[in-house]
Structures are given as C-alpha cells and as structure tokens.
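Chemist: Need a 3D model of the following:
(chains A and B)
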Amino acid sequence: MILNALLIALREIRRNLMRSFLTVIGIVIGVAAVVTMVTLGRGATAAVRDQISKIGSNMLIVRPGQDWWGSGTLFTAADLDAIELQIPGIEAVAPMINSSATAVFQEKSRSFSIQGSNADYFRMANWELALGRFFTEEEVSNVAAVGVIGETVRKELYGADVDPVGTRLRVGSTSIEVIGVTVAKGLGGRGEDLDDNIIMPHTSVLRRLTGSKEGRGISQVRVSAIDGYPTSKIVADIAALLRERRNLARNEDNDFNVFDSQELAEVVSSSTRVMTSLLAAVAGVSLLVGGIGIMNIMLVSVTERTREIGIRMAIGARARDVLLQFLVEAVTLSCIGGLAGILLAWLICGPLAEAIGAPFLFTPGINVLAFLFSAAIGILFGYMPARRAARLDPIDALRHE
Amino acid sequence: MTDPGPLIALRGITKTYGQGENAFTALKGVDLDIARGEFVAVMGPSGSGKSTMMNILGCLDSPTSGSYRYRGIEIVGLDMDQRARIRRHSLGFIFQGFNLLARTSALENVEVPLLYRGYPRAERHSLARQALAEVGLESKERNTPAELSGGQQQRVAIARAIVTRPDTLFADEPTGNLDSSTSAEIMRLLAKLNTEQGITILMVTHEDDIAAHARRVIRVRDGLIASDETRSAANP
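Modeler: Coordinates of the predicted model:
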C-alpha cells in the first residue's frame, strides 16, 4: 500500500513539476545550508587544531613589545635562565633568535631564515628528523658551528633526495656543519613556508652571525608547561618576573607579551563552535520555513483536489488510503528536497572549503541527520493537510467544483 | 447462486438532515427491492430525495433509520471504512461529469480502483486494458481526459467502474453532459454490460428517452417512491 501511495505521490509530483520544485526549494536550501555549515565548521576547527599542534600545545611564547606585532627590548640569556629557574610549573624553556642569512653550498645560494635555539626547542616545536640528528645541550654551550636544515633548504641547495648530513654549509660569514634534516611541516597559518629554515644553537647565532649588544638578541622565549599545570598561572608569574627584571614602574604597561597557545586553541575552537551552531540554527529556521511551505502547498493541493479525493473515495479508497497518499506525497517532497540539499552541499563545500582554506571533511553523520530531519519535516507538516483530506466526506467532496 | 434474496433490500429508510426546527427530511421511509441483473432508472425532480437515496444505496451515506441489506449484509451501522470496503468490492460508479483524474492517461485512470485493491502492476495493466477494450477504447489508453471527447471520457469512466467486476453499477446522470447521439451510444454500452455481464445497473436520469433504456423505472417524489414500473423489455 505504501508502495502504491509512493507511486501516486511521484506521479502527482511529476504532474506539478514546477510547483513541486518551488515547494521543495526551501528544504533544499535549508538542508544544503545545515550540511555546508557543519561540514565547513568541522573542517575549520580541524585546520586550526592542526596549526596549533604545529606550534606545539601547552606552549607559552614570550615576546617583546606590548602586543603580538609590537617590538621592544629583546630578552637576554639571563632572562631565559631566570624564567627556567624561578617559575614553577615549567617543563622546558627555549629561546628563539630569528634572523636571516644567505646560505651557500657549492654554486647554489639563497637567503633562508635562521633560527637560533637550544636542544629542547626541537621537541617543543614538534620538529621531527628526516635525517641525521639534532644538536645537543653541550653543543649549545660550546657555541658549536652546527645546524639542522629544513626540507626546503635541502631541496634548494642539495636536491630533494640528496643526503646533506656531514656537508659544510656557508651561512652568512661563518661555516657550519649540517647535522640533520627536519621532516617537512608544510605551510603555516599565513601561508608561509615553515621549512625554509636553518636551526642552529642560539649561542652560535648570537656569536657568529648577529653579534649581540650586551647579550640581548633573544626575540622570543618558548615555555612549555608541565601537563595539567594551569598555564594562566605561569603567564602571570612570567609577567611579574619580567616586569621586575626589566625595571618597569608600577604604572607602566608590560613591554612584552605572553602568548598562550592553549588559550588560543580554546578561543578558536569555541568561537568556531559558536559560529557553527549559530549558522546551523539559522539553517534550521530555513528548514522550518521550508516545512511550512510544504504544509501550505499540501493544503492548497487538498483543496484543489477535493473532487479527486471524492472520486478516489467513491471508487474504493478508505480514509487511511487518502491520509497515506497525502502524507507520502509530503514526505516524498521533503525527502527529495533533503537529497537535493545534500547534493548541493557537496557541490558547494569543495570550492568553499578551498576559499576559506579549510579542509573538506566529509561527515556522514550530519548528512544522515539532515536527511532524516527533512523526512521528519515532511511527516510533521504533511500530517495536518493529509488528515484534512482523509476526513473529507465523499459526497461533499464529489460535489465540490 | 446461493443467495435467493434480492441484491438490494431497503426497509423503512429515512434520512433527516439538520436538527430541531431546521431539520429537513429527505427520505420518509423508503422500501425497495432490486434483484440481481436488473437495469433500473431512478427519476424525480431535484429535491425529491433521489440523490439521497442513491448516496445511501451506493454506501456513500448512511440513513437516519431503517435497514439496508446489500447481498444480505446489513449496511446500516457500518463505519466509513467498512462502507468503503463494500464500495471497493461490489460497487462501481459513473458520474455526470465523468470525474476522471486530470492529466492522467486513460489506462492509469482505469487502474486506480485496482491500486486500492492492491493488485500487482502487471495484473493492473492487463485488467485495465481488458476493461478499456470492453468499452471500445483499446486505441486510446495513452490519452489523457483532455485529449478525449465527452463520450470517450464517459467510456473511460465506465471502464474504470467495471474493471473491478462489481455486482452493481451506479450511474448518476451518465449522459447529462453528452449530446443525444453520444448519449444513445453510452446507453447501448450500459445495456450491453447489463445483458452480457449481468451487472445490475441503477441509473439516475431526468430524461424519459434515457430512462426508456431501463426495464424498470422508479419515480421518487417528496422522499417516497411515487411509482415503480417494470416493462417486459426495454424499448430504446
């Protein structure tokens, strides 16, 4: 019987193709919007998480200047030691000296970014080795002329599959031994190449490349917190310590800032979550409006087809056959709308994901949910018109013009 | 035939619309027997109660009081679904306005009653084709009502009514919208179904020459049967 009702419904939909199309458009847009929003939202959240894990989690970054983009007095090696020794809850501390220099190998040369740090830095910044080894704490104290190069450096100066470990590389005015190659990280959050770097002991960079006035020159201090220790507490402690060390008066603002990657991750993922649910709510409203559209057109259809209902009842349809027919018609309409909406979402998710730079993560759950929701809307909004049709008196319905 | 009684037996049927002062009694105690295989014309001015009587006979409406036995089964007191079951198993209907489903082919229109009886697709097709052939429309099965003449539409309606092989065919002014020569054709078709297939036919008409095709003519007036004549043979 359901199969027959489905047959009649499909015939009816085909007969009023234009009207059916206009009726389901609300559902199509609603479903497409819900599926697109949730899919893109998940993609964006995943992308942000991915980038934060490239920075390293549980990570605080102390920088000079009042805000992230500001500049100010750089930190000294003594500042670094003070943080490491005096702040509780710290697992490791790594300095960062950012510079750039031209590197030359045989007849190839190019300018690369030079990063100076200590042995803990590799683990804190999630670097992994493709070849060779990292430098050691001893090499840092000994101001060793060694360096670990990024994948881009290898490709540019040596060639993609060449093992550069053990070769000597000219960097600026000094010469270093290449001791390792890092696994490629790809592009960073702003599309910058994370692999065109040469990582050297910070002592070597200061002594051999940049030369430092009064030992300053550390442009960033990375601090990793012990798991579970509140990073906000460490942020406050570091701020207090540095204010003292930098002789800031009580009424002066910090001339440095502490960035908390944990906090950023939470802010970003919670704001994506809020955005996603907001947009999904808007999409849900449009689904509701689509459902009302279906109810409206079904009511019109029942009135319009009163005579037909009378005929069907006279030639043997029971009230429940009529109820089923109109209910199935409404559900068929809304399901067709749901499927079309999902297809539309798939079509627009790809280009849209590319445009906002997030991956297109196919999530089956939301597709199934959206489809079931559209079917439920058909039942919900189709029931009232269908019941009206089923309750018609055959004699009155036959007399209806 | 195991049932010797009449196909249709009305006893003291009344029908009152409305209540209190506004009450209107359309039928005032009708007694009527119709035997299997009869061809009956029901006549009467509008407001006489003949439509009410036909609706009750066709199990579309139930009387206020009285007894209606169809093939010995008491119809009074059945609910809408039970009456729908009687309609779908034993009764066929044709109407003045043909009442075909618009934008639906002749074949599909004839198939509708079979759809409600749950016949499989192949059987629906073959039974509907056969019924269309019986009314002489085998070549028009793909045409929609808009592509058919009035006479052809009424033939499709007749095919739809007989496709389920009903005992009784209710015809409500079947020629009311047709010209006289087409009317005569339709009447010949109905008479053929009556004699060849033994289908009992109850037909409402205003016109004496249409009623003349029937062997028995019942006239209804003021909610009662005013006259009931049976001729030995129809004289078209």
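
Chemist: If you count contacts, what does the strand or helix carrying residue B:189 end up packed against?
Modeler: Element membership of residue B:189 [criterion: DSSP states H and E] is helix B:180-197. If you count contacts as 3 or more C-beta pairs under 8 Å, 6 or more residues apart in numbering or on different chains; DSSP states H and E, helix B:180-197 packs onto strand B:39-43, helix B:150-162, strand B:168-172, strand B:200-204. In short, each C-beta sits where N, CA and C put it, glycine included.

Chemist: so which of those gets nearest chain A?
Modeler: The closest of the helices and strands packed on helix B:180-197 to chain A is helix B:150-162. By C-beta to the nearest C-beta, the value is 6.7 Å.

Chemist: just checking, residue A:225 touches residue A:61?
Modeler: No. Contact criterion C-beta atoms under 8 Å: residue A:225 and residue A:61 do not qualify, at 11.8 Å.

Chemist: okay, now the residue of the stretch 51-200 of chain A found nearest chain B: neighbour count?
Modeler: Distances between the stretch 51-200 of chain A and chain B by C-beta to the nearest C-beta are smallest at residue A:191, namely 58.2 Å. Residue A:191: 7 surrounding residues under other C-beta atoms under 10 Å in any protein chain shown.

Chemist: do the one 4 residues further on as well
Modeler: Summarising burial for residue A:195: neighbours were counted as other C-beta under 10 Å, giving 22.

Chemist: Find the nearest non-adjacent residue to it, please.
Modeler: residue A:150 (3.7 Å; C-beta to C-beta, 6 or more residues apart in numbering or on different chains).

Chemist: wait, doesn't residue A:123 sit right on residue A:117?
Modeler: No. The criterion here is C-beta under 8 Å, and residue A:123 misses it with residue A:117 at 11.0 Å.

Chemist: Does the residue in the stretch 151-300 of chain A that chain B sits nearest to lie in a helix or a strand, and which?
Modeler: Nearest residue of the stretch 151-300 of chain A to chain B, counting by C-beta to the nearest C-beta: residue A:300, 15.8 Å away. Using DSSP H and E, residue A:300 sits within helix A:261-304.

Chemist: Dump stretch A:391-401 to CSV, restricted to CA.
Modeler: In CSV, the C-alpha atoms belonging to stretch A:391-401 read as follows (Å, rounded to 0.1, in the frame of the first residue of the first chain):
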residue,chain,number,x,y,z
ARG,A,391,-11.7,13.5,6.8
LEU,A,392,-13.5,14.8,3.8
ASP,A,393,-17.0,13.4,3.3
PRO,A,394,-17.1,11.6,-0.1
ILE,A,395,-20.4,13.1,-1.0
ASP,A,396,-19.4,16.7,-0.3
ALA,A,397,-16.0,16.1,-2.0
LEU,A,398,-17.7,14.8,-5.1
ARG,A,399,-20.0,17.8,-5.3
HIS,A,400,-17.0,20.1,-4.9
GLU,A,401,-16.3,22.1,-8.0
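
Chemist: Could you check how far it is from the centre of its chain?
Modeler: The chain centroid and the centroid of stretch A:391-401 are separated by 59 Å under C-alpha atoms, centre = their mean, to the nearest Å.

Chemist: can you list contacts of that stretch?
Modeler: Under the contact criterion C-beta atoms under 8 Å, 6 or more residues apart in numbering or on different chains, stretch A:391-401 has outside partners A:306-307, A:309-311, A:313-314, A:319, A:322, B:55, B:60-61, B:95, B:99.

Chemist: which two of the residues you listed lie the greatest distance from each other?
Modeler: For these, the maximum inter-member distance is 20.6 Å, found between A:319 and B:95 (C-beta to C-beta).

Chemist: Between those two, which has more neighbouring residues?
Modeler: residue B:95 (21 against 18).

Chemist: List the beta-bridge partners for the closest residue to that one other than its chain neighbours.
Modeler: Nearest-residue entry for residue B:95: residue B:172, 5.2 Å, with adjacent residues in sequence omitted and distances by C-beta to C-beta, 6+ apart. Judged by DSSP bridges, the bridge partners of residue B:172 are residue B:204.

Chemist: which ones are touching residue B:172?
Modeler: Residues in contact with residue B:172 (C-beta under 8 Å, 6+ apart) are B:51, B:54, B:93, B:94, B:95, B:96, B:203, B:204.

Chemist: Residue A:39 contacts residue A:361, correct?
Modeler: Yes. The pair residue A:39 and residue A:361 qualifies as a contact (C-beta under 8 Å) at a distance of 6.5 Å.

Chemist: Mind checking which of the two has more residues around it?
Modeler: Per other C-beta under 10 Å, whichever of residue A:39 and residue A:361 has more neighbours is residue A:39, with 24 against 17.

Chemist: Sort the contacts of stretch A:391-401 by pLDDT and name the bottom one.
Modeler: Lowest pLDDT within these is found at residue A:314 (82).

Chemist: so the nearest residue to that one once chain neighbours are set aside bridges to which residues?
Modeler: Closest residue in space to residue A:314, ignoring its immediate chain neighbours: residue B:93 at 4.8 Å, by C-beta to C-beta, 6+ apart. Taking DSSP bridges as the rule, residue B:93 bridges to residue B:170.
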